[in-house]
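In: next comes the sequence, and after it the predicted model I'd like to discuss.
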Amino acid sequence: MSMAHSPVRRAFERAAASYDAAADLQREVARRLALRLDRVLPSPGRESGRLLDAGSGTGFGASLLRARLPAHDFLELDLAPAMLKFARDRRAESGVEGCAGICADLEALPLAEACVDLVWSSLALQWAVRLGSTLAGLHRCLAPGGLLHFSTLGPGTLSELAASFAPVDRYRHVNRFTSPEEIRGLLVRAGFSVIELEQEKLVMEYEDVAGVLRGLKAIGARRVVEEGVPGLMGKHRWAQAVANYETRRRDGKLPATYEVIYVTASKGVGGTAQGHPRESGHV
């Protein structure tokens, strides 16, 4: 099943209006990804070209990139029409030109071979059901020498939530996220040379467990529960899971950790994979 025919699309459709107000993590990760782009993008690449924002959402990432690549043509691609409309309205208010919105599935890109010079994707690829084939599709769309620059989530994401629910029942309550080692291998098999691979843990803070779940729902990430889990846990099991999470409260707040992986890879240019785990930080 691709993302286009799954609950992911419906979730992001519903979340379009609330996304920016709740997306502190997404905006922070996009900013950090943009700073990493400054390190690796050759100066000539700033002159002109075509950029694909894969999983563009409300257009926040593209707004960061336009300041860096003002002469580039932009393709904003997203699964959810409501997200694209939000981004289009935002561009119209700002008078931004040179951008096309494409409603499509990352796992079935409707783009010609070698048609873009840079692919940017911030916190979208973790939703791909078949990450390997998705990366291969991005490789096909990139021109020789082009760059793939993205962030995604790793296995340490929502570890507090997973640990709190684990003793309660036999179901897995957090998505399985791909490890940095697996990502590196999939990139190489897709034909990429990995230039840089870094990871860090960012910690968001919430008032209560319901706040953690509301935040996930508001950004369209409600589908953190594995298919087949009953919709209602029952009051006793829910209370037990909440009590487990409460043992992690520090300074009046409940933490929710996100393991963020940042990758830069090239098509047809040599590079050496690097990993740089970082200390947890607060956003």
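Out: Sure thing, it's come through.
In: how about the strands in the protein?
Out: 49-54, 72-78, 99-103, 116-122, 142-153, 192-206, 254-267, 281-282 (DSSP state E).
In: give me the mean pLDDT for the second one.
Out: Averaging pLDDT along strand 72-78 yields 90.
In: okay, it in CSV with CA atoms only?
Out: Extracted in CSV, the C-alpha atoms of strand 72-78 (Å, rounded to 0.1, in the frame of the first residue of the first chain):
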residue,chain,number,x,y,z
HIS,A,72,15.8,28.3,-8.7
ASP,A,73,12.5,27.0,-10.0
PHE,A,74,10.6,25.2,-7.2
LEU,A,75,8.4,22.1,-7.4
GLU,A,76,6.4,21.6,-4.2
LEU,A,77,5.1,18.0,-4.0
ASP,A,78,2.8,16.8,-1.4
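In: name the strands paired with it and say parallel or antiparallel.
Out: strand 49-54 (parallel), strand 99-103 (parallel) (DSSP bridges).
In: now residue 208: how far from residue 88?
Out: 36 Å (Cβ to Cβ, to the nearest Å). Every residue, glycine included, has its C-beta placed from N, CA and C.
In: cool, residue 135 as well?
Out: Noted for residue 135: a distance of 28 Å to residue 88, by Cβ to Cβ.
In: who's more crowded, the two?
Out: residue 135 (26 against 16; other Cβ atoms under 10 Å).
In: and the closest residue to that one other than its chain neighbours, what is it in contact with?
Out: Nearest residue to residue 135 in three dimensions, chain neighbours excluded: residue 190, at 4.1 Å (Cβ to Cβ, 6 or more residues apart in numbering). Residue 190 is in contact with 132, 135, 136, 138, 139, counting by Cβ atoms under 8 Å, 6 or more residues apart in numbering.
In: before we move on, what about residue 52?
Out: Neighbour list for residue 52: 75, 77, 111, 116, 118, 119, 120, 141 [criterion: Cβ under 8 Å, 6+ apart].
In: work out which residue lies at the spatial centre of this protein.
Out: Centrality entry for the chain: nearest residue to the mean C-alpha point is residue 123, 0.8 Å, by Cα atoms, centre = their mean.
In: how deep is residue 193 tucked in, by neighbour count?
Out: 16.
In: measure it to residue 249 for me?
Out: Distance, residue 193 to residue 249, using Cβ to Cβ: 44 Å.
In: residue ranges with poor pLDDT in the stretch 151-283 of the chain?
Out: Across the stretch 151-283 of the chain, residues meeting the criterion (pLDDT under 70) sit at 217-233, 269-283.
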